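**Student:** predicted model and sequence below, questions to follow.
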Amino acid sequence: MSDRKLSLAILRDLFAVCKLGADENIPSWALSGSFCSVTLTPDELSIVCSQELVPEGVEAVRRWKCLKVEGKLSFTLVGILSSLTSSLAHVGISTFTISTHDTDYLFMRESDLSRGVVALRKAGHSIH
């Protein structure tokens, strides 16, 4: 597990996790924001994007806040996500993560953000 202390930035937007059919095309509305993650599986097309972009009627879980791990992370690093999620799990906060080539993004419910920031700071991470 990593003892590395991380710097995280809270992204401005509120996000939604949308579920569409696996046979659907990626909708243009999802791609028009500053952050979008698309995952296609045999069972679903899952999209994480700014909730303000999601049309009414689309199945979505809304009101997620996102913290971006600042800087580029090497693929050889061990325990980065664990160092974040274990601190939050300890105080009963549910999370999900998205990893990109360069870094990781940590999502928690907007209603948990204040407690989450406190828990992450207690673990030695900096949040801004």
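**Tutor:** Nice, I can see it.
**Student:** so the closest residue to residue 21 other than its chain neighbours versus residue 60, what's the distance?
**Tutor:** Spatial nearest neighbour of residue 21, excluding adjacent residues (Cβ to Cβ, 6 or more residues apart in numbering): residue 45 at 6.5 Å. For glycine as for every other residue, the C-beta is placed from the backbone atoms N, C-alpha and C. When distance is defined by Cβ to Cβ, to the nearest Å, residue 45 is 12 Å away from residue 60.
**Student:** hey, what's in contact with both of the two?
**Tutor:** The contact sets of residue 45 and residue 60 overlap at residue 19 (Cβ atoms under 8 Å, 6 or more residues apart in numbering).
**Student:** so the residue of the chain positioned farthest from its centre is in which element?
**Tutor:** No residue in the chain has its C-alpha farther from the mean C-alpha position than residue 23, which lies at 24.5 Å (Cα atoms, centre = their mean). Take DSSP states H and E as the rule and residue 23 turns out to sit in neither a helix nor a strand.
**Student:** any idea how many residues pack against residue 122?
**Tutor:** Summarising burial for residue 122: neighbours were counted as other Cβ atoms under 10 Å, giving 11.
**Student:** show me the contacts for it.
**Tutor:** By Cβ under 8 Å, 6+ apart, the contact set of residue 122 is residue 87.
**Student:** mind running it again at 10 Å?
**Tutor:** Listed by Cβ atoms under 10 Å, 6 or more residues apart in numbering, the contact partners of residue 122 are 87, 90, 91.
**Student:** same deal with residue 59?
**Tutor:** When contacts are counted by Cβ under 10 Å, 6+ apart, residue 59 touches 16, 17, 18, 19, 20, 21, 44.
**Student:** what's the closest non-adjacent residue to the fifth one?
**Tutor:** Closest residue in space to residue 20, ignoring its immediate chain neighbours: residue 45 at 4.2 Å, by Cβ to Cβ, 6+ apart.
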